[in-house]
Structures are given as C-alpha cells and as structure tokens.
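J.: The following comprises the amino acid sequence and a computationally predicted model.
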Amino acid sequence: MNIKKRMTLHFEEGLKFIGNCLPMSLGMLWRRFLYGFFLQQSGSKLRVGSAVSIQGLKNIILGNNVSFNRFSSLYASRGEINLGNNVFLGDFSSINANDAHVKIGSNVAIGPMTIIQGANHNFQRHDIPIVDQGHIESRVEIADDVWIGAKSVILPGVKIGTGAVVGAGSIVTKDVPDFAIVAGVPAKIIKMRK
Ligand SMILES: CC(=O)SCCNC(=O)CCNC(=O)[C@H](O)C(C)(C)COP(=O)(O)OP(=O)(O)OC[C@H]1O[C@@H](n2cnc3c(N)ncnc32)[C@H](O)[C@@H]1OP(=O)(O)O
C-alpha cells in the first residue's frame, strides 16, 4: 500500500473514532456527515449506528434512507457494494464484497447477525496455504422487496429474486426464485408468497 493510501486510511479511521466517542445523536449526525462525504454516492437520510465498520468507502453506492445498525460492517476495499433505497442492515450483520460485487435492490430488510459473502477463498492447490491463494469473485444479487431473517448466510454467487423471504438461520447456497420463502440449511423453498 502506498503512503498516500495509508494516510487516507488513517485519516478516515480517525474520523470514525471521533464519531464513536460522541454521545448517541451527535455521533449519528457526525457519521452521516462523514460517510456522506467519503462514500462514492450516498442518498438522503443515511443512518449509521455506533461501532459500524465500513471499508472501501469510495467503492460503495447507497440510495436514500439506508440504515446500518450497531456493529454491522461493510467491506469493499477491492470490490463494490451497491444498495438501493430503503435498505436496512441489522445489528452485527456484514456485507463482504472484497474482490467481489454485492448488489442489493430497494426495500430490503436484512435481519441481525446475517452474513452476505461475495467471494470464496480459492482452495484448489495443495502446495500453497489457502490464505495465500486469493479469492474467487462471485457476484451476489438481492432484488427489491426482500426480507432476510436473522443469522442467515448468503453464499457467493447467489441471486435472491424479487419479493423473496429467507427464514431465520438459513444458509442460502442456490438462487431463490421471485416471491419464494426459503428456510433451512441448505435453504429450500418452504412455500411461495401468495
Ligand atoms: C430486519 C429484520 O428483519 S429483524 C427481524 C428478524 N426476524 C426473523 O429473523 C424472523 C424470520 N422469520 C422466519 O424465519 C419465519 O419462520 C418465516 C417468515 C420464514 C416463515 O414463516 P411462516 O410463513 O409463518 O412459516 P411457517 O411457520 O408456516 O413454517 C412453514 C414450515 O417451514 C418451517 N420453517 C419456518 N421457518 C423456518 C426457519 N427459519 N428455518 C427452518 N425451517 C423453518 C416450519 O417449521 C414449517 O415446517 P413444517 O411444515 O414441517 O412444520
């Protein structure tokens, strides 16, 4: 990493630290200003809870009325996260788009402790440690009007269709059709929304 990039990173981290030290509503205002300034694109009414961690601000595009609850995280240092309008990310949830793209439509609610994973480790070779083999990017797409229950995992390459519901604690390994309700490990269709 060159010195300019490193300085920018330290600067951003410093500003985030100030935000986390401020009392609740002041901290919220500070974070809204801070992220609004550094994000590639941010709509109105952004809400960022305390101890939210966001990396790769210049690779993140947000619509209007987006909320990140406490302790949630977004990683996009080497990828892209694109969120529509009215998107809610619950406490302790994370969107990992390092070396990947994660696209989420509008009116999407993501329950607490959910993980959306945009890339896998490459693990085919035996002669190199897995951590040194890099990642395989696999785009994740979540359409409009989707509700993802608490503690779910959305694996790389998955597309979740319009109006779908993911039950709490599911591991979604395959695409989910429009208006399907899926649940379980691995997630299977339990019914369709009427
Ligand atoms: C921003 C926020 O969203 S915060 C709030 C977060 N909220 C949650 O995490 C709650 C998520 N809700 C669920 O998981 C619900 O179970 C739903 C929405 C997926 C399904 O609800 P319903 O349509 O009422 O399903 P219903 O209770 O009729 O269950 C149908 C079948 O699926 C099973 N099932 C339901 N949910 C799950 C689940 N999460 N995991 C595994 N199986 C499930 C039921 O046991 C039942 O099986 P059976 O037919 O063999 O008895």
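T.: Received the coordinates, thanks. Numbering: from 1, shown residues only.

J.: Got the phi and psi for the closest residue in space to residue 121 that isn't next to it in sequence?
T.: In this structure, residue 121 finds its nearest non-sequential neighbour in residue 130, 5.3 Å apart by C-beta to C-beta, 6 or more residues apart in numbering. For every residue, glycine as well, the C-beta is placed using N, CA and C. The phi and psi torsions at residue 130 (degrees, to the nearest 10) take the values phi -50, psi -40.

J.: tell me the pLDDT at residue 130?
T.: On pLDDT, residue 130 comes in at 93.

J.: That one: what's it in contact with?
T.: Contacts here follow C-beta atoms under 8 Å, 6 or more residues apart in numbering; on that basis residue 130 touches 121-123.

J.: Take these and lay them out in TSV including pLDDT and neighbour count.
T.: Listed next are the contacts of residue 130 as TSV, based on pLDDT from 0 to 100; neighbours: other C-beta atoms under 10 Å:
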residue	pLDDT	neighbour count
121	89	11
122	89	13
123	91	12
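
J.: Just the residues you listed: which are in strands?
T.: Using DSSP state E, the members of the contacts of residue 130 that fall in strands are residue 121.

J.: out of the contacts of residue 130, which one sits closest to the ligand?
T.: Checking the contacts of residue 130 against the ligand with C-beta to the nearest ligand atom, the nearest one is residue 121 at 27.0 Å.

J.: okay, which residue is most central for this protein?
T.: residue 95 (2.4 Å; C-alpha atoms, centre = their mean).

J.: next helix or strand past the helix or strand harbouring it?
T.: Using DSSP states H and E, residue 95 sits in strand 94-96. Note on strand 94-96: by DSSP H and E, the next helix or strand toward the C-terminus is strand 101-104.

J.: Pull the distance from the following helix or strand past that following strand to the chain's centre.
T.: Per DSSP H and E, the first helix or strand lying C-terminal to strand 101-104 is strand 108-110. Relative to the centre of its chain, strand 108-110 is centred 11 Å away, using C-alpha atoms, centre = their mean, to the nearest Å.

J.: Turn the contacts of residue 130 into JSON lines, including distance to the ligand.
T.: Formatted as JSON lines, those follow (distance: C-beta to the nearest ligand atom, whole Å):
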{"residue": "121", "distance to the ligand": "27"}
{"residue": "122", "distance to the ligand": "31"}
{"residue": "123", "distance to the ligand": "28"}
